[in-house]
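model this:
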Amino acid sequence: MKILLTGGAGFIGSWVADGLIQEGHEILIIDDLSSGLESNLNREAEFIKCDVRDKELLSKIFKDFKPEVIDHHAAQINVRASVDDPVHDAEINIIGSLNLLELCREHSVKKFIFASTGGAIYGEPEVLPAPEDTKAMPISPYGTSKYAVEKYMNYYHQIYGLQYVALRYSNVYGPRQNPHGEAGVVAIFCNKILANEPCKIFGDGTQTRDYVYVSDVASANILAVAANSGCYNIGTGVETTVLQLSRLLSNSIKGYSIDVEHTDARHGEVQSISLDNSYSKENLGWSPQIDINEGISQTWKWFLENSTK
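Model prediction:
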């Protein structure tokens, strides 16, 4: 199929591009390269530099490429940045997404796949792992903007028949993650260790996250092309504290020491989260294949090999 992939030069998007191309799809990547890297681009995909807020250029791209599916990963992804500037977050995450949805309507696109968030939409759920019917209670502008786009997708589905899949990612990690321009404690810790700098832990380190490896996320996007409309949790269902994460990294590294430095907790971030993936197993045919021990080991190996590049 002809798939327009936004954010395909980024960490997750580049893995998604690789997976879709391997499945035989024709891919056009758009990315403004604000955090993505040209070196991440799959050379078998066409690439156009484009900001999702630029509807005029987007309209030309839709007209020329005639996509059948949109896979939307371009976003402002930093929770802290969304707290500092919620308007900027909304301009990219809501208005940019609406530009794409409107063009889908105008050009009769069949499906819209959206990189949503399970880590930020549910807030502080009472039941963990949180299933998809957990009440949405985001406590950050980032989570709020992602949830808003899900509601817009449902509107376009109900009124215009646009099929959609919202993939609610937990904390994605793995090779290619940018410790400078993108959120992600695993990448940040790897970078700090290689620089012989302390790993900063916000709060006491008992906050938990559900860490899902990036190749498993790419697999979910491949399955989403043929999936029924709806929202799907993409996580492992396992909680890992930041302190446990630092110990797992310590077990993987050789020749480097890991120092931890505690600082004040940050506003807008949840204390504990993990995602129930049973609905995704049954209805998307997806389940994680890489556990955190293997994933951490592979991620550290990549950072070690690419530390001087």
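
Low-confidence regions, the stretch 201-309 of the chain specifically.
Where the stretch 201-309 of the chain drops to pLDDT under 70, the residues are 308-309.

Run through the helices of it in chain order.
Using DSSP state H, counting those that start in this stretch, the helices found in the stretch 201-309 of the chain span residues 214-224, 242-252, 278-283, 292-305.

Of all these, which one is nearest residue 111?
When these are compared by C-beta to C-beta, helix 214-224 sits nearest residue 111, at 8.1 Å. Every residue, glycine included, has its C-beta placed from N, CA and C.

So for the closest one, what gets flagged as buried?
Buried residues in helix 214-224, counted by 16 or more other C-beta atoms under 10 Å: 214-224.

List the residues that contact residue 293.
Taking C-beta atoms under 8 Å, 6 or more residues apart in numbering, we find residue 293 in contact with residue 248.

What count of nearby residues applies to residue 261?
Residue 261 is flanked by 10 other residues according to other C-beta atoms under 10 Å.

Tell me, how many residues neighbour the closest residue to it other than its chain neighbours?
Nearest residue to residue 261 in three dimensions, chain neighbours excluded: residue 198, at 3.9 Å (C-beta to C-beta, 6 or more residues apart in numbering). Per other C-beta under 10 Å, the neighbour tally for residue 198 reads 14.

Phi, psi for residue 198 please.
Backbone torsions for residue 198, taken as degrees, to the nearest 10, come to phi -70, psi 150.

Report the contact partners of it.
192, 259-261.

Find me the pLDDT at residue 183, would you?
pLDDT for residue 183: 62.

about what we covered before: include distance to residue 232 when you put the helices of the stretch 201-309 of the chain into a markdown table, please.
Conversion of these to a markdown table gives the following (distance: least, C-beta to C-beta, whole Å):
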| stretch | distance to residue 232 |
| --- | --- |
| helix 214-224 | 7 |
| helix 242-252 | 25 |
| helix 278-283 | 4 |
| helix 292-305 | 20 |
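
so which of these gets nearest residue 271?
The closest of the helices of the stretch 201-309 of the chain to residue 271 is helix 242-252. By C-beta to C-beta, the value is 11.0 Å.

orientation of that closest one relative to helix 292-305 in degrees?
When axes from the mean of the first three to the mean of the last three C-alpha atoms, to 10 degrees is applied, the directions of helix 242-252 and helix 292-305 differ by 60 degrees.

mind exporting helix 242-252 as CSV, just the C-alpha atoms?
Taking Å, rounded to 0.1, in the frame of the first residue of the first chain, the C-alpha atoms of helix 242-252 are listed here in CSV:
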residue,chain,number,x,y,z
VAL,A,242,13.7,4.0,37.7
LEU,A,243,16.0,2.5,40.3
GLN,A,244,15.4,-1.0,38.9
LEU,A,245,16.2,0.4,35.4
SER,A,246,19.5,1.8,36.6
ARG,A,247,20.4,-1.6,38.1
LEU,A,248,19.5,-3.3,34.9
LEU,A,249,21.8,-1.0,33.0
SER,A,250,24.5,-1.6,35.5
ASN,A,251,24.3,-5.3,34.8
SER,A,252,24.7,-4.7,31.1
